[in-house]
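Undergrad: pasting the structure only:
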């Protein structure tokens, strides 16, 4: 017999295996000796009250052998002799999951990726962190696995209506992720483990006849009437295919510019921009877990904050408990910061993006003020670039970041000293009021005070000068959307070009990008098999 029960327990009770079994037996009205095993199907923390609980959905086996979790089967086919090929630009989650879905349908994927393979990327990241030297094609944003591989590996999404989230998670498990991601409320793999999973995906694609070509950058599209006939790369290669997927990521400014220059429809898309805020993890644990005696049995605490400031949204983004702030720039002279956590989330700091909604009107006004002529579709992209250049100059070069203590930031005071910070290239004390656009600064300063009122205890709170503000968090999402037909998912001007994922404006993270990659692949499968 198999039955499901719900339990609400102290974290320490869940850690005690013998006690947990007794609780399961009691809740399921079964003799303890009859329970052959159990499986936690869902696991979430409820820290709303003074008594912290873990809320569990548990599958209990009684009177029959315990069976391992049954995962769906994936049938990847050999496509070396497929009559159709699909060229995928970008080896991030959208591109990789599109390729895997095509394999299931017997269609050959060819992936071109401007960056290096996931292992070789590490050398470029080390050089960026330690020497301040950037490779514009191999960095935290570009390379095998995409931006998510070395910037955290969060697998939480609210985009459930866009696809089968469990299918995506089960594919991650197939390629090496821990099964806990199937039950955790906020699943997370970790930057230290994701590269091995990406490597296994690559091996699967190659062993079934697909192709992956690294350090190949899309340079042009050759078209005939309403179709793409071939793609040209920077190295001079020309690649023909039946269909073409653009899964280039949110930082591929050269691709956005190429499409605009060719007269292909693209649209300016509002996004959010701000800073990274870093606290000692102990402060966030104290605030979120109420100094509970259960804290040692809990993971490093996270938070999610949102505030309206004069009609403009300010919110936390990509919160990284036990994490590190990293340089996420893609070009010299531009400063971008992001955050990541290892699988154990055991670093002494907690960081989060704190960002402000940016409208087209905001960008247009400030670009005109700075004598920057930007055409409408690329308006917000140029605004993003402008802010990043100002931040780089304020840091003093070599990707040193301008920074300020949090209370000093809100009060407009320069910080005479800065607290320790996880950002390896280093930080430079700077009044960020002189770095950020005024509406960004004012919105953040007001929101920080409000967040301080929401998150405080007898020891202090979020609004603390033990926290550091680091500029600039600007790659929250793509500032450009590449339009596509709602049903066919094709570009309106080219019947075999499929914009996809975060860079095209249809996703916001690893799982949603993976689901969009699968959606686009399925649209191509339907088109090619019905032709």
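TA: Thanks, I have the structure now. Just so it is clear, the model here is predicted, and its values are computed rather than measured.
Undergrad: hang on, residue 275 packs against residue 351?
TA: No: Residue 275 is not in contact with residue 351 according to C-beta atoms under 8 Å; the separation is 10.1 Å. Where C-beta positions appear, they are placed from N, C-alpha and C, glycine not excepted.
Undergrad: outline the domain layout of this structure.
TA: Each domain of the chain is listed here as a residue range: 2-62, 85-268+480-530, 271-473, per automatic domain parsing.
Undergrad: the one helix or strand in the chain whose mean pLDDT sits lowest: which residues count as buried?
TA: One helix or strand of the chain scores below all others by mean pLDDT, DSSP states H and E: helix 360-369, with a mean of 88. By neighbour count with 16 or more other C-beta atoms under 10 Å, helix 360-369 contains the buried residues 362, 363, 364, 366, 367.
Undergrad: show residues contacting that helix.
TA: Helix 360-369 has contacts (C-beta atoms under 8 Å, 6 or more residues apart in numbering) with 268, 270, 373, 374, 379, 380, 382, 383, 386, 437, 439.
Undergrad: buried subset of these, written for PyMOL?
TA: This is the PyMOL syntax for the buried subset of the contacts of helix 360-369, where burial follows 16+ other C-beta under 10 Å:
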select buried, resi 268+374+379+380+382+383+386+437+439
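Undergrad: reformat the contacts of helix 360-369 as CSV; add pLDDT.
TA: Below are the contacts of helix 360-369 laid out as CSV (pLDDT from 0 to 100):
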residue, pLDDT
268, 94
270, 94
373, 71
374, 70
379, 93
380, 95
382, 93
383, 95
386, 95
437, 96
439, 96
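Undergrad: from the contacts of helix 360-369, which ones fall inside strands?
TA: With DSSP state E as the criterion, strands contain residue 268 from among those.
Undergrad: need the max-distance pair from the contacts of helix 360-369.
TA: Spatially, the most separated pair among the contacts of helix 360-369 is 373 and 439, at 21.3 Å (C-beta to C-beta).
Undergrad: for residue 270, which non-adjacent residue is spatially closest?
TA: residue 359 (5.6 Å; C-beta to C-beta, 6 or more residues apart in numbering).
Undergrad: look up phi and psi at the one you found.
TA: When read as degrees, to the nearest 10, the backbone of residue 359 gives phi -100, psi 170.
Undergrad: neighbours of it, how many?
TA: Neighbours of residue 359 under the rule other C-beta atoms under 10 Å: 14.
Undergrad: can you map out the helices along this structure?
TA: 11-15, 17-28, 93-104, 118-131, 165-174, 194-207, 253-261, 281-289, 360-369, 379-395, 406-411, 438-454, 510-530 (DSSP state H).
Undergrad: buried residues in the longest one?
TA: Meaning helix 510-530. Judged by neighbour count (16+ other C-beta under 10 Å), helix 510-530 contains these buried residues: 510-525, 527-528.
Undergrad: and the angle for it with helix 165-174?
TA: 100 degrees (axes from the mean of the first three to the mean of the last three C-alpha atoms, to 10 degrees).
Undergrad: state the mean pLDDT of helix 510-530.
TA: Average pLDDT, helix 510-530: 95.
Undergrad: elements contacting it?
TA: When contacts are defined as 3 or more C-beta pairs under 8 Å, 6 or more residues apart in numbering; DSSP states H and E, helix 510-530 sits against helix 93-104, helix 165-174, strand 243-246, strand 497-499.
Undergrad: redo that, cut-off 7 Å
TA: Secondary-structure packing of helix 510-530 (3 or more C-beta pairs under 7 Å, 6 or more residues apart in numbering; DSSP states H and E): helix 93-104, helix 165-174, strand 497-499.
Undergrad: closest to residue 10 out of these?
TA: Of the helices and strands packed on helix 510-530, nearest to residue 10 by C-beta to C-beta is helix 165-174, at 27.4 Å.
Undergrad: report the inter-axis angle for the closest one versus helix 194-207.
TA: Going by the same axes, to 10 degrees, helix 165-174 makes 90 degrees with helix 194-207.
Undergrad: can you give me the mean pLDDT across helix 165-174?
TA: Per-residue pLDDT over helix 165-174 has a mean of 94.
Undergrad: which residues sit against that helix?
TA: Contacts to helix 165-174, defined as C-beta atoms under 7 Å, 6 or more residues apart in numbering, come from residues 71-72, 74, 97, 100, 155, 157, 179, 181-182, 187, 189, 197, 511, 514-515.
Undergrad: got the angle between that helix and helix 93-104?
TA: Using the same axes, to 10 degrees: helix 165-174 against helix 93-104 is 90 degrees.
Undergrad: what residues of helix 165-174 count as buried?
TA: 165, 168, 169, 170, 171, 172, 173, 174.
Undergrad: kindly provide the distance from the residue most central in space within the chain to residue 269.
TA: In the chain, the C-alpha nearest the mean C-alpha coordinate belongs to residue 509, at 3.8 Å (C-alpha atoms, centre = their mean). Using C-beta to C-beta, to the nearest Å, residue 509 is found at 16 Å from residue 269.
Undergrad: now residue 132
TA: According to C-beta to C-beta, residue 132 stands 31 Å off from residue 269.
Undergrad: which one of those two has more residues nearby?
TA: residue 269 (19 against 16).
Undergrad: shaky segments in the stretch 151-300 of the chain?
TA: 152-153, 158-161 (pLDDT under 70).
Undergrad: picking that back up, looking at the helices and strands packed on helix 510-530, which is closest to residue 287?
TA: Across the helices and strands packed on helix 510-530, closest to residue 287 is helix 165-174 (C-beta to C-beta), at 29.7 Å.
Undergrad: distance from the closest one to the middle of the chain?
TA: 16 Å (C-alpha atoms, centre = their mean, to the nearest Å).
Undergrad: cool, and stretch 423-438?
TA: Here stretch 423-438 is found 24 Å from its chain centre; the criterion is C-alpha atoms, centre = their mean.
Undergrad: check which residues of it are buried.
TA: Here stretch 423-438 shows 423, 425, 426, 427, 429, 430, 431, 432, 433, 435, 436, 437 as buried, counting by 16+ other C-beta under 10 Å.
Undergrad: try stretch 234-251
TA: 239, 241, 242, 243, 244, 245, 246, 247, 248, 249, 250, 251.
Undergrad: my guess is the second one contacts residue 89. True?
TA: Okay, so that is residue 241. No: using C-beta atoms under 7 Å, residue 241 is not in contact with residue 89, being 10.6 Å away.
Undergrad: so what's residue 208 up against?
TA: Per C-beta under 7 Å, 6+ apart, neighbours of residue 208: 76, 77, 78, 79, 103.
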